[in-house]
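Engineer: Have a look at this prediction, sequence included:
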Amino acid sequence: MQAMTISRYGKTPLQTSTVPMPEIGDHDVLVAIHAASVNPIDFKIRDGKVKILLHYDMPLILGNDFAGTVVKTGKAVQRFKTGDAVYGRPAKSRIGTFAEYIAVHEDDIAAKPANLSFAEAASIPLVGLTAYQAFYEALRLKAGDKILIHAGAGGLGTFAIQLAKHIGAYVATTAGPAGHDLVARLGADHIINYREENFAEVLHAYDAVLDTLGGDALKQSFRILKPGGHIVSVSALPTARFACEWRLPTWKQWLFAAATLPLQRLEKSHRVRYDFLFMRASGKQLAEITRLIEAGAIVPVIDRVFPFAETQAALDYAESGRAKGKIVVQLVPEQAV
């Protein structure tokens with residue numbers, strides 16, 4: 001099969017490679033991928049920025065979520081059959097959606113929303129599960145809470161705004177002028193033009209922050225929380241608490257504890273909590289997201305769709321930071337489905 005691979009870490013172009021078809025286990029399904037989406041984790045993995053958390057052998061097929069059709073099932077699979085339209089985010093140890101086929105555990109996928117195309121469905125799994133786990137598990141967001149979602153016009157931001165509004169939260173977000181109308185349509189209550197305003201000077205007594213930027217934006221976010229507030233970041237450093245929960249080696253727990261000392265000090269001085277989120281695959285949660293999509297509570301936001309042969313261009317465009325919503329790579333034209 002054809003796949004987009006890297007042979008070493010670094011900012012090197014993707015290679016179009018012919019690789020063996022994936023083998024499936026008893027609880028796996030083999031999926032013919034119709035579309036995949038591009039996410040920041042793709043170029044972070046390519047650059048070796050998550051090597052301390054994830055080990056991959058080379059050559060490596062990139063890509064972290066997909067939509068497609070089941071073409072084969074393992075002998076113990078009960079939830080899916082050949083011909084089913086599915087979507088998902090494979091386990092971190094089994095990535096590789098920039099390819100014609102992928103083998104994935106049946107627990108990591110869900111039926112594709114009936115009202116979405118394959119391209120639209122492919123844009124959902126990673127950002128959908130990230131927002132779902134951030135809000136329902138980490139932040140325990142509830143109706144009436146005030147939350148700041150950074151970079152609201154981005155791939156994660158566009159989904160997160162909609163989910164937070166579905167929960168009943170008051171949503172503030174940062175966006176440039178080009179993204180203002182988009183985040184307003186998605187339901188944002190307070191839109192901050194980051195080019196003209198400092199969000200930390202205008203927002204006060206918030207319950208939660210979803211940080212997608214890290215760096216100074218994360219540090220400034222502590223200032224807007226009320227005591228007892230909570231920040232969840234998908235872009236900054238993991239904590240020792242995270243390393244312990246993920247059962248990482250003791251030396252990594254010490255390393256993360258030392259690296260996050262400035263954030264620990266901010267936690268204490270502002271009397272809030274900081275957590276790092278490393279989302280996990282979950283077909284069960286994705287099925288909940290499917291219900292929200294089919295009910296009209298969540299709509300996909302796609303900036304551009306690239307053909308499979310232009311996956312490198314799709315990755316470059318994602319890395320530029322100009323996209324509003326998600327970027328999708330299409331392997332099978334919708335009319336051919």
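Structural biologist: Ah, there it is. Numbers count the residues shown, from 1 in each chain.

Engineer: Looking at this protein, which strand is longest?
Structural biologist: Ranked by residue count, the top strand of the chain under DSSP state E comes out as strand 28-38.

Engineer: Packing partners of the helix or strand following that strand?
Structural biologist: Downstream of strand 28-38, the next assigned helix or strand under DSSP states H and E is helix 40-46. Applying 3 or more C-beta pairs under 8 Å, 6 or more residues apart in numbering; DSSP states H and E, one finds that helix 40-46 makes contact with helix 311-320. Placement of C-beta: from N, CA and C, glycine included.

Engineer: ok, residues contacting the next helix or strand after the helix it packs on?
Structural biologist: Downstream of helix 311-320, the first helix or strand assigned by DSSP H and E is strand 326-330. Strand 326-330 is contacted by residues 34-38, 63, 98, 118-119, 122-123, 127, 155, 158, 300-308, 310-311, 314, 317-318 when judged by C-beta atoms under 8 Å, 6 or more residues apart in numbering.

Engineer: on that earlier part again, kindly format the C-alpha coordinates of the longest strand of the chain as CSV.
Structural biologist: Once non-C-alpha atoms are left out, strand 28-38 reads as follows in CSV (Å, rounded to 0.1, in the frame of the first residue of the first chain):
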residue,chain,number,x,y,z
ASP,A,28,-8.6,-5.4,15.2
VAL,A,29,-10.3,-4.1,12.1
LEU,A,30,-8.6,-3.3,8.8
VAL,A,31,-9.9,0.0,7.5
ALA,A,32,-9.5,1.5,4.0
ILE,A,33,-8.9,5.1,4.7
HIS,A,34,-10.9,7.6,2.7
ALA,A,35,-9.7,10.7,4.5
ALA,A,36,-7.4,11.7,7.4
SER,A,37,-6.8,15.0,9.1
VAL,A,38,-3.7,17.0,10.0
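
Engineer: tell me what it is packed against?
Structural biologist: Counting by 3+ C-beta pairs under 8 Å, 6+ apart, the packing neighbours recorded for strand 28-38 are strand 66-73, strand 101-105, helix 118-122, helix 311-320, strand 326-330.

Engineer: and that strand, which strands flank it?
Structural biologist: In the sheet, strand 28-38 lines up against strand 66-73 (antiparallel), strand 101-105 (antiparallel), strand 326-330 (antiparallel) (DSSP bridges).

Engineer: In a markdown table: those, plus mean neighbour count, distance to Arg280 and mean pLDDT.
Structural biologist: Conversion of the strands paired with strand 28-38 to a markdown table gives the following (neighbours: other C-beta atoms under 10 Å; distance: least, C-beta to C-beta, whole Å; pLDDT from 0 to 100):
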| stretch | mean neighbour count | distance to Arg280 | mean pLDDT |
| --- | --- | --- | --- |
| strand 66-73 | 22 | 16 | 98 |
| strand 101-105 | 23 | 12 | 98 |
| strand 326-330 | 25 | 20 | 98 |
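
Engineer: Would you convert those strands into JSON lines that also reports distance to Ala236?
Structural biologist: Converted to JSON lines, the strands paired with strand 28-38 look like this (distance: least, C-beta to C-beta, whole Å):
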{"stretch": "strand 66-73", "distance to Ala236": "27"}
{"stretch": "strand 101-105", "distance to Ala236": "29"}
{"stretch": "strand 326-330", "distance to Ala236": "22"}
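
Engineer: Tell me which of those sits nearest to Arg273.
Structural biologist: Closest to Arg273 of the strands paired with strand 28-38 is strand 326-330 (C-beta to C-beta; 29.4 Å).

Engineer: How far off centre is the closest one?
Structural biologist: Mean-position distance between strand 326-330 and its chain equals 13 Å (C-alpha atoms, centre = their mean, to the nearest Å).
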